[in-house]
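>>> Let's see this in three dimensions:
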Amino acid sequence: MIETDRLRFRPFALEDLPLLIEQRSDPDMYRYLGGTRRQNPEELAKRIQFYISCFETHGFAMCPMILKETGEIIGGAGLQPLEESGEVEVGYNLIKEYWGRGIGTEAARAWLDHGFRDLGLDRIVAVAHPDNIASRRIMEKLGLRYEKTQEHYGEMCVFYAISADEYLAGK
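Modelled structure (predicted):
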């Protein structure tokens, strides 16, 4: 599975659902993840099933982000199909305690590397709530470019993308 200097990832399991619910019940975390409409126990139970199924089907998915130093799950990151668009999305989220430490960038970079180098993807996209400046900074820092604003996950999102050629040329 994927590892970085500070992080490791593994597929989600049903046993992770209580922690996922706990972490995503923080208003500062869920405000950019669809709010309580998408971040509630019923929807998260469906979402974790999606992550598990996605990994079984595609060999990639959103995964728990584990801090190597402590073994603590501090969020999630990974690749997943972006709804019905046919695109592959890189996503990342962190509990508030770890914001501002470069961990989101480290996680997203690891998944972009995996997607382009190991999986041979041609293009990876990312979406975020327009007001989520921290997420947009991560996308831009990693070379993704803004393409448009459109609806995803039931709300308007900024849509960024990068091709394998662009990403690998920047390495």
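>>> would you say E15 is within a helix?
Yes. Judged by DSSP: H, G, I helix; E, B strand; the rest coil, E15 forms part of a helix.
>>> Can you give me the distance of it to I52?
11 Å (CB to CB, to the nearest Å). Where C-beta positions appear, they are placed from N, C-alpha and C, glycine not excepted.
>>> What of P130?
P130 sits 30 Å away from I52, going by CB to CB.
>>> Which one of those two is surrounded by more residues?
A side-by-side neighbour count of P130 and I52, using other CB atoms under 10 Å, places I52 first with 16 against 12.
>>> mean confidence score for stretch 141-148?
The pLDDT scores in stretch 141-148 average 97.
>>> Alpha carbons of that stretch, as PDB, please.
The C-alpha coordinates for stretch 141-148 follow below in PDB (Å, rounded to 0.1, in the frame of the first residue of the first chain):
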ATOM      1  CA  LYS A 141       0.900  23.500  -5.200                       C
ATOM      2  CA  LEU A 142       0.800  20.000  -6.900                       C
ATOM      3  CA  GLY A 143       0.300  21.500 -10.300                       C
ATOM      4  CA  LEU A 144      -3.400  21.000 -10.800                       C
ATOM      5  CA  ARG A 145      -5.000  23.800 -12.800                       C
ATOM      6  CA  TYR A 146      -8.500  25.200 -12.400                       C
ATOM      7  CA  GLU A 147     -10.700  24.300 -15.300                       C
ATOM      8  CA  LYS A 148     -14.300  25.200 -14.300                       C
END
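>>> Enumerate the positions of that stretch that are buried.
Of the residues in stretch 141-148, L142, G143, L144 count as buried by neighbour count, 16 or more other CB atoms under 10 Å.
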